[in-house]
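**Q** One predicted model, sequence on top.
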Amino acid sequence: MSAIESVLVENRVFPPSEAVVKAARVGGMDAYNALCKEAEDDFEGFWARHAKENLVWAKPFTQVLDESNKPFYRWFADGQLNASANCLDKHVGTPVENKTAIIFEADDGAVTKVTYKELLARVGQFANALKVSGVKKGDRVLVYMPMTVEGVIAMQACARIGATHSVVFGGFSAKALQERIIDGGAVAVITANYQMRGGKELPLKAIVDEALAMGGCESIQNVFVFERTATACAMVEGRDKTFTQILTGQSTDCPPEVVDAEHPLFVLYTSGSTGKPKGVQHATGGYLLWAKMTMDWTFDLKDSDVFWCTADIGWITGHTYVAYGPLAAGATQIIFEGVPTYPNAGRFWQMIEKHKCTIFYTAPTAIRSLIKASDTDEKVHPKNWDLSSLRILGSVGEPINPEAWMWYYRNVGAERCPIVDTFWQTETGGHMITPLPGATPLVPGSCTLPLPGIMAAIVDEAGNDMPNGSGGILVVKKPWPSMIRNIWGDPERFKKSYFPEELKGYYLAGDGAVRDAERGYFRITGRIDDVLNVSGHRMGTMEIESALVAKTDLVAEAAVVGRPDDLTGEAICAFVVLKRSLPEGDEAKAIAKELRDWVAKEIGPIAKPKDIRFGENLPKTRSGKIMRRLLRSLAKGEQITQDTSTLENPAILTQLDQTY
Ligand code: PRX
């Protein structure tokens, strides 16, 4: 049975215990419904109340939502604030000041702790260093950093001086980095000499050098290099400076630069259905508001919690639930540099025990790989550790199959901890559809209900509501504060991608979904565009196709589709027509390897196709369109039910059946 089918017949329900309901911030469905009603009855009043209660404004807003230039919505537009002040300065003079903000565990297990007061000083010092180097309010700064305290400091320091950060995941290639530097017009890069992952020292600065050498990056004036390890790296005189060099002598006191609520806090690139990644632009006020509110609501955050989101700061989850949300909410959080399988697949459980983690938030792919590891090696099964500190578990980034959900619930949460299966996107800034741990009865594999204020719905292609039980297109009918504001430098693409005319002005998420008849719970059925979700990482099929055909000496044509995969959710399957004769056996294997390495260089190792298949040509319709549905069937190994009578060369179906 496929994951989606098994979700649709799922009938197990896990309501929160009475004790959990009693102790929760939003306790019980009545409390949830009351918040939803408040938002429905007085939408702007609801958001205004929360914006006043949750953020510190340098200048209070008088207008809540400006809809005068739809879909370029503006929230709290005449208000002013600073994001870093709302994460750090806000706690000065409160008991949070001396609380641990970050428990950092390095790849090798070394632990360092930083209090809020210390973090403020370090962010201030780094912000001053940026300023004296000439980085100004409104500039873009590219951050290419490992998971470290310094990564968060870099982001917070940008926010502090009003610079817009653009974080690029440390697994992306030099080419991807160069494209993002050019698209954003960044003035500086913040990076590290190396990153430590799984006991290995991997270069970062060398990749920055390679990117800058590709040309077009003349906007970059400075490269700041965190000395993560003692190994030297090449430094370019005049352009590159180490953290030690720029921080020495800098004051730790840097007054935050007040910005308009709509000032772009960051740009984060994500894959869309065309070849070029989109620079998703987020605004300061609305984004931060939702980061803070969802910490409180979705994670039911208490002062005593030890929160751990395992996402890298290179993804939206690491922005909202590492770099901003936990700090805005005054939480103690764990930041982990390494990988879940080093030194063994018990690392997460060992860390939960060691740091007495109470809220644990990770991705289904990680859970599935740890299930597999503990199936084969009892010693890394969670039962070997004391996980009794846990009270809430979370899941993010891709659908969680009910089997993995049940394992997580039983073996990690001891049937005690609610699982919040949070549906959201880079574009939404924070959670959209998720259970509330002290209210929502849980159904494995379902993200349940929208958060109060989020007007999510399922519609048909003309924007008409679909009845419960029928699948359709997931939309959000009203704007919300943390929504994407623009695609950096491409407002037309923004309008077309997210607010297509035929959908009545609703926000188009790009996912299909269905609500169940009994409770109206949402289930995400997967992307409806050409976007794949591999291990919770978003990849555009066109992006991978473009990378493949860029290998002009070898590749004539390529088509990429996804297929279900037990471990990674989806796997990338590439169908390739070569400029030479059809290869077989070892030769085909060698070419497949060459192509994978090529894609890793063009985009990053996460984009490497798992399956590569060669054909003399690709199956096309009479009008010359690639028959993608047929390719998807081939990739899955399904029987072909499509009409193939129009194929010029039916022999290719046999050729394309062979995976390398
Ligand atoms: O398809 C949905 C899936 O991930 C997409 C968003 O990817 P990205 O922008 O990289 O953000 C991931 C982290 C928020 C969505 O369009 N997705 C995300 N969360 C879930 C999910 N699918 C099912 N269930 C989820 N909880």
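**A** Sure thing, it's come through. Numbers count the residues shown, from 1 in each chain.
**Q** which residues sit in contact with Trp75?
**A** Listed by C-beta atoms under 8 Å, 6 or more residues apart in numbering, the contact set of Trp75 reads 47, 64-66, 261-262, 283, 285-286, 479, 481. (Glycine included, C-beta is placed from N, CA and C.)
**Q** Relative to Tyr507, which of the residues you listed is nearest.
**A** Pro479 (7.3 Å; C-beta to C-beta).
**Q** neighbours around the closest one, how many?
**A** By other C-beta atoms under 10 Å, the residues close to Pro479 number 23.
**Q** ok, how many other residues are close to the closest residue to it other than its chain neighbours?
**A** Counting by C-beta to C-beta, 6 or more residues apart in numbering, Tyr73 is the residue found nearest to Pro479 once chain neighbours are left out, at 4.2 Å. Using other C-beta under 10 Å, Tyr73 has 23 other residues around it.
**Q** What pLDDT does the model give Tyr73?
**A** At Tyr73, the pLDDT value in this model is 98.
**Q** Relative to the ligand, how far out is it?
**A** 19 Å (C-beta to the nearest ligand atom, to the nearest Å).
**Q** and Glu616, that's in a strand?
**A** No. Going by DSSP: H, G, I helix; E, B strand; the rest coil, the assignment for Glu616 is coil, not a strand.
**Q** Next up, phi/psi of it, please.
**A** phi -70, psi -30 (degrees, to the nearest 10).
**Q** need the contact list for it.
**A** 577, 582, 649, 651-652, 655.
**Q** List the contacts of the residue nearest to Lys504 when sequence neighbours are not counted.
**A** Nearest non-adjacent residue to Lys504, counting by C-beta to C-beta, 6+ apart: Gly463, 3.8 Å away. Shown in contact with Gly463 (C-beta under 8 Å, 6+ apart): 475, 502-504, 506.
**Q** State the phi and psi torsions of Gly463.
**A** Per-residue torsions, Gly463: phi 90, psi 10 (degrees, to the nearest 10).
**Q** Roughly how far does it sit from Val475?
**A** For Gly463, the distance to Val475 (C-beta to C-beta, to the nearest Å) stands at 7 Å.
**Q** what sits in contact with each of these two?
**A** 503, 506.
**Q** Can you give me the end-to-end span of stretch 562-572?
**A** In stretch 562-572, first residue to last residue: 5 Å (C-alpha to C-alpha, to the nearest Å).
**Q** residues in contact with it?
**A** In contact with stretch 562-572 (C-beta under 8 Å, 6+ apart) are residues 2-3, 364-365, 368-369, 372, 398-399, 532-536, 539, 541, 544, 560, 573, 607-611, 632, 635-636.
**Q** Quick one: mean pLDDT for that stretch?
**A** So the average pLDDT for stretch 562-572 ends up being 95.
**Q** Kindly report the same for stretch 581-599.
**A** Here stretch 581-599 scores 97 as its mean pLDDT.
**Q** ok, Ala456 touching Val475?
**A** Yes. Using C-beta atoms under 8 Å, Ala456 is in contact with Val475, at 7.3 Å.
**Q** For Asn98, the count of nearby residues, please.
**A** Residues near Asn98, counting by other C-beta under 10 Å, number 11.
**Q** which residues does it contact?
**A** Counting by C-beta under 8 Å, 6+ apart, Asn98 has contacts 115-117.
**Q** how about 7 Å then?
**A** 115, 117 (C-beta atoms under 7 Å, 6 or more residues apart in numbering).
**Q** next one: Val322
**A** Val322 makes contact with 152, 309, 311, 313, 333, 335, according to C-beta under 7 Å, 6+ apart.
**Q** helix, strand or coil for it?
**A** helix.
**Q** Okay, strands next: where are they in the stretch 401-550 of the chain?
**A** Under the criterion DSSP state E, counting those that start in this stretch, strands of the stretch 401-550 of the chain are mapped to 419-422, 456-459, 472-476, 486-487, 507-515, 522-527, 531-534, 537-540.
**Q** Contact residues of this protein facing the ligand?
**A** 270, 316-317, 396-399, 421-426, 447, 509-511, 524, 527, 533, 538 (C-beta under 6 Å from any ligand atom).
**Q** one more time with 5 Å
**A** Residues of the chain lying close to the ligand (C-beta under 5 Å from any ligand atom) are 317, 397, 399, 421, 423-426, 447, 511, 524, 538.
**Q** and those, which are buried?
**A** Burial by neighbour count, judged by 16 or more other C-beta atoms under 10 Å, picks out 317, 397, 399, 421, 423-426, 447, 511, 524, 538 from the residues of the chain next to the ligand.
**Q** so Leu204 sits right up against Thr191, yeah?
**A** Yes. Look at Leu204 against Thr191 with C-beta atoms under 7 Å: they come within range, at 5.1 Å.
**Q** between the two, who's got more neighbours?
**A** In terms of neighbours (other C-beta under 10 Å), Thr191 is the more surrounded of Leu204 and Thr191; the figures are 31 against 21.
**Q** And the helices in the stretch 151-300 of the chain, which stretches?
**A** Secondary structure of the stretch 151-300 of the chain (DSSP state H, counting those that start in this stretch): helices at 174-184, 205-213, 243-247, 284-298.
**Q** Comparing these, which comes out most buried?
**A** Of all the helices of the stretch 151-300 of the chain, helix 284-298 has the most neighbours on average by mean count of other C-beta atoms under 10 Å, namely a mean of 27.
**Q** With just CA atoms, put the following helix or strand past that helix into PDB.
**A** Following helix 284-298 in sequence order, the next helix or strand is strand 306-309 (DSSP states H and E). Output of strand 306-309 as PDB, limited to C-alpha atoms (Å, rounded to 0.1, in the frame of the first residue of the first chain):
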ATOM      1  CA  VAL A 306      15.100  22.600  26.000                       C
ATOM      2  CA  PHE A 307      14.200  23.000  22.300                       C
ATOM      3  CA  TRP A 308      16.000  21.200  19.500                       C
ATOM      4  CA  CYS A 309      15.300  21.700  15.800                       C
END
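**Q** Counting by contacts, list what strand 306-309 packs against.
**A** Packing partners of strand 306-309 (3 or more C-beta pairs under 7 Å, 6 or more residues apart in numbering; DSSP states H and E): strand 332-336, strand 359-362.
**Q** chain center to it, what's the gap?
**A** Taking the mean of its C-alpha atoms, strand 306-309 sits 16 Å from the chain's own mean (C-alpha atoms, centre = their mean, to the nearest Å).
**Q** Give the pairing partners of that strand; include direction for each.
**A** Sheet pairing for strand 306-309, assigned by DSSP bridges, gives strand 332-336 (parallel), strand 359-362 (parallel).
**Q** Out of these, which is the most enclosed?
**A** Of the strands paired with strand 306-309, strand 359-362 is the most buried (mean count of other C-beta under 10 Å), at a mean of 26.
**Q** quick one on the thing from earlier: anything in contact with each of Leu204 and Thr191?
**A** In contact with both Leu204 and Thr191: Tyr144, using C-beta under 7 Å, 6+ apart.
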